[in-house]
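> Okay, sequence plus prediction incoming.
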Amino acid sequence: MNRRDFVFDSLRAATGVGLLGLGLSLYSQRAASLPAWALRPPGAQPEEEFNGACIRCGLCVRDCPFDMLHLARLGQDIPTGTPYFIAREAGCEMCEDIPCVAACPSNALDHALTDINKADMGLAIVSDQDACIAFQGQRCEVCFDNCPIRGDAITLETQHHERSGQQALLIPVVHAETCTGCGKCEEACILDEAAIKVLPRHLIQGKRGEHDRLVWERQPARTTYSGNLLDKLNGHSAS
Amino acid sequence: MLRRFNQLGVLFMFLLGPLFGAWLVTGNLSSSMTLDILPLTDPLLLSQSMLSGNWPALTGFVGAGLVLLFYALLGGRVFCAWVCPVNLVTDLAAWLRRRLGIRGGVRISRHLRWWLLGLVLLLPLLTGGMVWEYVNPVSMLHRGLIFGFGWAWLILAAVFLYDLLIVSRGWCGHLCPVGACYAAIGAAAPVHIAAPRRDQCDDCLDCFKVCPEPQVLKPALKGTRLKSDSSHGPVIDSIDCTKCGRCIEVCDQDVFGLALGWVDKDGFVKSNLSGQRPNAEQTKLQH
């Protein structure tokens, strides 16, 4: 083979492989997107990092004592070969020893997660107050009762019941700081279609501005000019 | 055939759990855990994971290290011939091709797999995702058998038809980057197929017909008749050799055998271990 053949053979191979790479990359952009109804196991790195880190071995799926994790198959909307669960079908039981994370060889499920209560699989939201029977004045509490950290992640708040005028409404309230997104509430919801759902946190969680402080959380000592002004304003609105 | 037994045996051990509830091995070829104690991880997958910017867990490193060690000693492409489930598909295609007398097809370079291996390693670096795993037939088939296929069988069907009709030995012998990676891993392995009794060769070409990488045979078999003045020893020293042993089995003249030891550039074993007729123990290359 002379030099000319070598150069052109190499260029041919490089072009072919380059085109394939382009196609693969573009396909992977679509193939890597996770639908909101599929949740990752506890400890999963943020979705983009997870997609690069996970080696699709299924050890987490196998080590889950409750068999609620699945590996996505080609043709599903979930990145092929990656683990997921569907809250409505079976939520995470939040094992204290987190066997799925311990089994992960790639650290896609981050081994830094040692306290399951710090897991962040998503965030529950009471997504339909019209459908939720607690808002209609009936006693339900099923989502609250099934929450593994009830009292923290879900609390029942008493509200005045306008229609009856006598009874109280006991409505479920999800707290974003403590909810792990395990999905037991959505799994347990007694409605045909759950009125409480677990979704990826970034889709539903709000965020106050950095400068914004609730007056009752504010540190007492402030001496700056703007601080005094704010004091005045906030004191006004809080009273 | 011992090789089929091993391939199916490995598969069977993985399938024991999902089919019969006997969890000897969990996971799949990407990463597995045997008897809760032996982790094995595909080094290529772990490399991709790391190139995407991830730092794997200890079991991942240990698992990949064990796999590296095993195939570095035994020869990397032993994986292809003795473990890989796709080999069952492509061997079936090759067998059918022979039986049906399908000839010709497209010729592509056997070096393409190295380009593809480069691509496979480059894409995680560029995109941050494990791009190859969206199409990799090797993991698709194994994961499919254990965890369910979805549409993954289409990819295997594509590989089968491509091997049957378009390029002879097209996947394993030309394109598969997983095989290329294992070939590189086992480049210096001290286990070889050799042709110690090559003077008995009667040019029947049976070995060339069954060999999945027939280009590796010529130097070892015809080394004394090469035109150039540099003669080649009887050892098959190409890293492409999958050590499947089909040449040993098919040869009526008992030309082939195993050779143990490090090989110098001329294809001779440095130590004097060459030329032993392999007995049952020696051919037993267990996974």
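Right, received. Where do you want to start?
> drop to CA atoms for contacts and neighbour counts, all remaining ones
Fine.
> Which positions within stretch B:173-191 qualify as buried?
B:173-191 (16 or more other Cα atoms under 10 Å in any protein chain shown).
> Looking at these, which are in strands?
Secondary-structure check on these using DSSP state E: residues within strands are residue B:191.
> Mind giving me the packing neighbours of the longest helix along chain A?
When secondary structure is assigned using DSSP state H, the longest helix within chain A turns out to be helix A:3-31. Based on contacts counted as 3 or more Cα pairs under 8 Å, 6 or more residues apart in numbering or on different chains; DSSP states H and E, the elements that helix A:3-31 packs against are helix B:112-127.
> Just confirm yes or no for the helix it packs on near chain A.
Yes - shown here: helix B:112-127 in contact with chain A (Cα under 8 Å from any Cα of the partner chain) through B:112, B:115-116, B:119, B:123-124, B:127.
> Throw those into CSV and include pLDDT and neighbour count, thanks.
Rendered in CSV, the data for these read as follows (pLDDT from 0 to 100; neighbours: other Cα atoms under 10 Å in any protein chain shown):
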residue, pLDDT, neighbour count
B:112, 87, 21
B:115, 89, 19
B:116, 89, 25
B:119, 90, 20
B:123, 87, 21
B:124, 87, 24
B:127, 84, 17
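> moving C-terminal of the longest helix of chain A, what's the next helix or strand?
Later in the chain than helix A:3-31, the nearest helix or strand by DSSP states H and E is helix A:47-53.
> any idea how far the residue sitting nearest the centre point of chain A lies from residue B:116?
Centre of chain A computed as the mean C-alpha position; nearest residue by Cα atoms, centre = their mean is residue A:122, 1.5 Å away. The spacing between residue A:122 and residue B:116, counted by Cα to Cα, to the nearest Å, is 37 Å.
> cool, and residue B:143?
Counting by Cα to Cα, the gap from residue B:143 to residue B:116 is 22 Å.
> now residue B:173
Residue B:173 sits 13 Å away from residue B:116, going by Cα to Cα.
> same check, this time on residue A:137
Computed with Cα to Cα, the distance linking residue A:137 and residue B:116 is 63 Å.
> Same check on residue B:99?
Residue B:99 sits 30 Å away from residue B:116, taking Cα to Cα as the criterion.
> can you check residue B:183 too?
14 Å.
> Tell me the residues of chain A that contact chain B?
With the criterion set to Cα under 8 Å from any Cα, chain A comes near chain B through A:13-14, A:17-18, A:21, A:24-25, A:28, A:31-32, A:48-49, A:51-59, A:62, A:71, A:73-76, A:79-81, A:104-108, A:111.
> Can I get the buried part of those as one PyMOL selection?
In PyMOL, the members of the residues of chain A next to chain B classed as buried (16+ other Cα under 10 Å) are selected with the following command:
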select buried, chain A and resi 13+14+17+21+24+25+28+31+32+49+51+52+53+54+55+56+57+58+59+62+71+73+74+79+80+81+104+105+106+107+108+111
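> I'd guessed residue B:256 sits against residue B:196; true?
Yes - with contact defined as Cα atoms under 8 Å, residue B:256 counts as touching residue B:196 (6.2 Å).
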